[in-house]
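Colleague: let me see the structure of the following:
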Amino acid sequence: MEKHLILLVLAVLVVPLALSAQGSQEKAETPTLTVYAYDSFVSEWGPGPLVIPEFEEQTGISVNLVSAGNGGELLSRVELEKHNPRADVVIGIPHELLHETLQSQLFVPYKPQAMQDIPEFLHFDPTHTLVPFNYGNFAFVYDSQQVQHPPQSLDDLLDPKWNRSIILMDPRTSSVGMGLLEWTIAVYGDRYLEWWEDVKPNVLTIADGWSSGYGLFTQGEAPLVISYTTSPVYHLLYEESDRFKSIVFPAGNMAVIEGAGIVASSPHQEEARKFIEYLLTDAQRDIAVANIMYPVNQTTELPEVFQAIPHVQKNLTLDADRINSEREQWLREWVEVMSR
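Modeller: Model prediction:
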C-alpha cells in the first residue's frame, strides 16, 4: 500500500514536468523569422502591420520585422552583418541592384510556386535569388486645377509653356529621381543628356527626395511632378479627391520592381520560403493598398479606385548589368549638365 502511494506521488510529480518539457520543446521548435524591410513597409501606415500578424496566425511562425533603411541600404546592412548574420528574409531591394545582390552571394535562390501567376516582364532575376513582390511605374502627375492639356511624352515636357512648372528629384539621393534618369536613357539612348539640358528652364526645383518634392507639388508650388502612375490612388482612397492625375505616355513608362530574398545564412530556410510564398499570395492586396503600388500576382483583386487611373501601355526597363556598370557615369554626366 505504502509502495503504491509513493509511486502515485511520483507520477503526479513527473507528469507536469513531462508536459512542461514538452511545451518548452514545442516552443523551441517554433522559430522567429527576422525580416528586414524598408522604412515605409515597417511604419504604422505601411503594409507590415497588416500582413505580418496574418502570416503569424496562419503559420504559427513569429516574425521580428526590422526597419533597415531603403533600397541599397538594405543590401549594405546584410553585407555589414555577414560575419554575424541576423536577417532571414529581406524585403525591398530594387531590381536595379540585382547585379550587386548576386555578386554579394548573401542570398539563396528560391523559385516560389506563385511565380506562375506573375507576368513575365516582372521576372527580372532568372536565378530567383530576388523575387518580385511589388511594382509600379514612374509617371508625371499633374494638378488638374492648373493643367487642362497635360504633356503626352518626355518631349512635350520641353515645351516653353511649362517654364518653371516641373518638380524633379535628385537621382543621387532619390530612387524616383534615379528612375527618371534611367527613363530618359531608355528613351533617348546616348542622347539622354540633351533632354536634361533642354528641360532645365522648365524645372522649378530638384528636391532631394520624393516626399519633399511631392509635398511641394500638393502645396501648389508647381503643376507637374515626377512620381508614380498610382500616386492618385492615395488621394482617391484617403482624401476622396481626383484633383491629381497621372499621365501614361504612349511611348512607355519606366517600371520599378521591388524584390525580396532569403538570406543564405538563415537557419530557418523552410520558414523563410513559407514567408516568401505568403508575400506573393495572401499578402498581395494589403501590400498594394498600403504601398499604393501594383501587386505582382495578377490574380490579386484590387479596390475599384485602381481602375480609375490610367494603365501603362508599355513597360520600360534597363538591363541590370548595364545599370551596374554605367550608373556612376550617368550620375557624373547628369551633375555636369545640371550644374552649368
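
Colleague: find the least confident helix or strand in this structure, judged by mean pLDDT.
Modeller: helix 2-29 (a mean of 44; mean pLDDT, DSSP states H and E).

Colleague: next SSE downstream of that helix?
Modeller: Next along the chain after helix 2-29, taking DSSP states H and E as the criterion, comes strand 32-37.

Colleague: show me which residues of stretch 48-59 are buried.
Modeller: Buried residues in stretch 48-59, defined by neighbour count with 16 or more other Cβ atoms under 10 Å: 48, 51, 52, 55. C-beta coordinates here come from the backbone N, C-alpha and C atoms, glycine included.

Colleague: just the residues you listed now: which is nearest residue 217?
Modeller: residue 48 (26.8 Å; Cβ to Cβ).

Colleague: which residue comes closest to the closest one once chain neighbours are left out?
Modeller: residue 42 (4.7 Å; Cβ to Cβ, 6 or more residues apart in numbering).

Colleague: okay, the one you found: pLDDT?
Modeller: With respect to pLDDT, residue 42 scores 93.

Colleague: surely it and residue 63 touch.
Modeller: No. Between residue 42 and residue 63 there is no contact under Cβ atoms under 8 Å: 11.2 Å.

Colleague: can you tell me which of the buried residues of stretch 48-59 end up in helices?
Modeller: Among the buried residues of stretch 48-59, the members falling in helices (DSSP state H) are 48, 51, 52, 55.

Colleague: now the residues you listed as a markdown table including distance to residue 281?
Modeller: Below are these laid out as a markdown table (distance: Cβ to Cβ, whole Å):
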| residue | distance to residue 281 |
| --- | --- |
| 48 | 17 |
| 51 | 11 |
| 52 | 15 |
| 55 | 11 |
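
Colleague: adding pLDDT, write those out as TSV.
Modeller: Formatted as TSV, these follow (pLDDT from 0 to 100):
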residue	pLDDT
48	96
51	97
52	98
55	98
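
Colleague: go through those and name the one nearest residue 179.
Modeller: For those, the nearest to residue 179 is residue 48 (23.4 Å; Cβ to Cβ).

Colleague: that closest one is in contact with residue 36, isn't it?
Modeller: No. Using Cβ under 8 Å, residue 48 makes no contact with residue 36, being 11.3 Å away.

Colleague: picking that back up, now, which of the buried residues of stretch 48-59 sits nearest residue 322?
Modeller: Among the buried residues of stretch 48-59, and counting by Cβ to Cβ, the member closest to residue 322 is residue 48, at 32.7 Å.

Colleague: and the closest one, what does it touch?
Modeller: Applying Cβ atoms under 8 Å, 6 or more residues apart in numbering, we find residue 48 in contact with 37, 41, 42, 65.

Colleague: wait, which of those residues is closest to residue 283?
Modeller: residue 41 (11.0 Å).

Colleague: what sits against the closest one?
Modeller: Each residue near residue 41 by Cβ under 8 Å, 6+ apart is listed here: 47, 48, 67, 91, 92, 291.

Colleague: give me phi/psi at it?
Modeller: As for residue 41, its main-chain torsions (degrees, to the nearest 10) stand at phi -70, psi -40.

Colleague: which element is the most centrally placed residue in the chain on?
Modeller: Central residue of the chain (Cα atoms, centre = their mean): residue 258, 4.0 Å from the mean position. Following DSSP H and E, one finds residue 258 within strand 253-263.

Colleague: now the angle from the next helix or strand after that strand to strand 253-263?
Modeller: Sequence-wise, the next helix or strand downstream of strand 253-263 (DSSP H and E) is helix 269-279. With axes from the mean of the first three to the mean of the last three Cα atoms, to 10 degrees defining the directions, helix 269-279 sits at 150 degrees from strand 253-263.

Colleague: so which bits of helix 269-279 are buried?
Modeller: Under 16+ other Cβ under 10 Å, the buried positions of helix 269-279 are 271, 272, 273, 274, 275, 276, 277, 278, 279.
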